[in-house]
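*Asks:* Quick one: sequence and predicted model below, then my questions.
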Amino acid sequence: MMIRSEQLQAFQDDLNDAFATKLMSHLQTHHADAVSGMPDALLRSRIRYGIRRAQGHGLRRDCDIGTFVALMFELSPAFDQSPRAREILFEISAHPDDRMQNVVDLMTDEDWEQAARMGDDSSWNGN
């Protein structure tokens, strides 16, 4: 039996949709100020975009992807474009499962302030 790449992509999309639903509930409960008043369809679209962005940085674990997406809502949708966040996320000697925790652990208050200034609502990829 041969599984085509389209079938694998459809399976991945289904997994991402299920995770987006779970993450949406988490954000509405634990990050309510950052998502309040946002229509569900827009919130879901932005979460899906965040999941893709996190995966683009090699993040694989739900907890890491969830942290990444929460930071997009709490700080800036482009927080990962700040120099220090980029440096940490692209550190090739770090295992992908360690990168998000390294961001949390290694960024200084000044780094976080700079990350919060990155981008604006237009950084949500047109969403």
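*Replies:* Arrived safely.
*Asks:* Can you verify my assumption that Met72 contacts Arg52?
*Replies:* No. The criterion here is C-beta atoms under 8 Å, and Met72 misses it with Arg52 at 11.3 Å. Every residue, glycine included, has its C-beta placed from N, CA and C.
*Asks:* From the contact counts, what lies against the longest helix anywhere in the chain?
*Replies:* Longest among the helix segments of the chain by residue count, using DSSP state H, is helix 5-30. On a contact count with 3 or more C-beta pairs under 8 Å, 6 or more residues apart in numbering; DSSP states H and E, helix 5-30 meets helix 32-35, helix 40-56, helix 62-74.
*Asks:* Give me whichever of these is most buried.
*Replies:* Among those, helix 62-74 has the highest mean neighbour count (mean count of other C-beta atoms under 10 Å), at a mean of 20.
*Asks:* tell me the angle it makes with helix 40-56.
*Replies:* Interaxial angle, helix 62-74 versus helix 40-56 (axes from the mean of the first three to the mean of the last three C-alpha atoms, to 10 degrees): 120 degrees.
*Asks:* report the angle between the axes of helix 62-74 and helix 5-30?
*Replies:* Interaxial angle of helix 62-74 relative to helix 5-30 (the same axes, to 10 degrees): 60 degrees.
*Asks:* Remind me what helix 62-74 packs against, helices and strands.
*Replies:* Short answer (3+ C-beta pairs under 8 Å, 6+ apart): helix 62-74 packs on helix 5-30, helix 32-35, helix 40-56, helix 96-106.
*Asks:* got the contact list for it?
*Replies:* Helix 62-74 is contacted by residues 19, 23, 26-27, 30-31, 34-35, 46-47, 50-51, 53-55, 57, 59, 79-80, 97, 99-101, 104, 115 when judged by C-beta atoms under 8 Å, 6 or more residues apart in numbering.
*Asks:* State the distance from the most centrally placed residue in the chain to His95.
*Replies:* The centroid of the chain falls nearest to Val69 when counting by C-alpha atoms, centre = their mean (3.0 Å). Per C-beta to C-beta, to the nearest Å, Val69 is found 20 Å from His95.
*Asks:* okay but Asn16 is in contact with Ile51, surely?
*Replies:* Yes. Asn16 is in contact with Ile51 according to C-beta under 8 Å; the separation is 5.5 Å.
*Asks:* That's all I had, so thanks and see you.
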